[in-house]
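A.B. asks: how would this look folded up:
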Amino acid sequence: MVEGEEGEALEALRSLHWAHLLAVPFENLSVHNGETIQLDYDKLYDKIVRRRRGGFCYENNGCFAWLLRQLGYQVSLMSASVFQQGAQGGRFGPEYDHLVLMVHIGKKRWLADVGFGSSYPDLLDFDTRDEQVQVTGRHRVLPDILLRGSGVYVYWQWMPPPGSSVQAPGEWQPRHRFCIRPKQLEDFRQMCTFHQSSPESFFRKGLLVSRLRGPEEGGGTITLTDSKLIVYTADTDERTEELIDSQERFNDELQKHFGISEPG
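C.D. replies: Numbering: from 1, shown residues only. Just a heads-up that it's a prediction; the model follows:
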């Protein structure tokens, strides 16, 4: 691939990444509605494209990887461990807790992730250790200092205090740790089953539907939970919350903001 073609491929990838996050929500409705999630590319395509749903990382990133491969991109699936805050400062979760993508364009490597709640709507340059600024804040990718030379890296994000806007003062926090060794989709089946069925799974603790907002909406994100509708508007750096006090209200907001009328 010559230099001009690489540039075109990168811009197309960026556009696809943004478009996916704008159109396909990060959601765990299936987990709560008794719909079994199967890590099969045909079933993921049926759910996300034909039924116009979303999913969590294994689904959204799995389907996105399939799309990119159909378009001729070289894509690797990677296992990540999500950082979990705790009383003792937090820890990384188990292997295969998250699925993240590495896309190779020429000699460059780019991190793509449409399954982590819009953390970085643009791609992340894997080959730089510099800070990368996007509309969702500041991001970095650094080698794991405890596992140096092992192919393990940590994705960091500058995080504001809970409940504040994105631009509020904050601190660097690890979001997940990943290994660049390529995996297959079936390698994630056990953890996918865990997140669907275990009471210890984050996804079993409450409903969550979230997507990126487009420029015509003021940018930012919109998130629907069992009890709240949370809207962050990037243009004005404003965050609002509305109470969700009934199943009927939840269903109305789900249809209005995410286009989902049949969650199960």
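A.B. asks: which residue is nearest the centroid of the chain?
C.D. replies: What sits nearest the mean C-alpha location of the chain, by CA atoms, centre = their mean, is residue 116, with 1.9 Å.
A.B. asks: give me the number of residues near residue 218?
C.D. replies: Using other CB atoms under 10 Å, residue 218 has 14 other residues around it. C-beta here means a position set from N, CA and C on the backbone, and glycine is covered the same way.
A.B. asks: What sits closest to residue 48 if chain neighbours are left out?
C.D. replies: Closest residue to residue 48 apart from its sequence neighbours, by CB to CB, 6 or more residues apart in numbering: residue 63 at 5.0 Å.
A.B. asks: Quick check: that neighbour vs residue 231, distance?
C.D. replies: 26 Å (CB to CB, to the nearest Å).
A.B. asks: Who has more neighbours out of those two?
C.D. replies: residue 63 (24 against 19).
A.B. asks: How much space separates that one from residue 52?
C.D. replies: Separation of residue 63 from residue 52 (CB to CB) stands at 12 Å.
A.B. asks: can you give me the helices for the protein?
C.D. replies: 3-23, 29-32, 41-45, 57-70, 189-197, 247-258 (DSSP state H).
A.B. asks: Give me the phi and psi angles of the nearest residue to residue 187 once chain neighbours are set aside.
C.D. replies: Nearest residue to residue 187, sequence neighbours excluded (CB to CB, 6+ apart): residue 96, at 6.5 Å. The phi and psi values for residue 96, taken as degrees, to the nearest 10, are phi 70, psi 20.
A.B. asks: Residue 96 contacts residue 186, doesn't it?
C.D. replies: No - contact criterion CB atoms under 8 Å: residue 96 and residue 186 do not qualify, at 10.8 Å.
A.B. asks: So between the two, which is more surrounded?
C.D. replies: Using other CB under 10 Å, the more surrounded residue of residue 96 and residue 186 is residue 96, with 19 against 10.
A.B. asks: And the more buried one, what's its pLDDT?
C.D. replies: Predicted confidence (pLDDT) for residue 96: 98.
A.B. asks: which ones are touching it?
C.D. replies: By CB atoms under 8 Å, 6 or more residues apart in numbering, the contact set of residue 96 is 79, 183, 187-188, 190-191.
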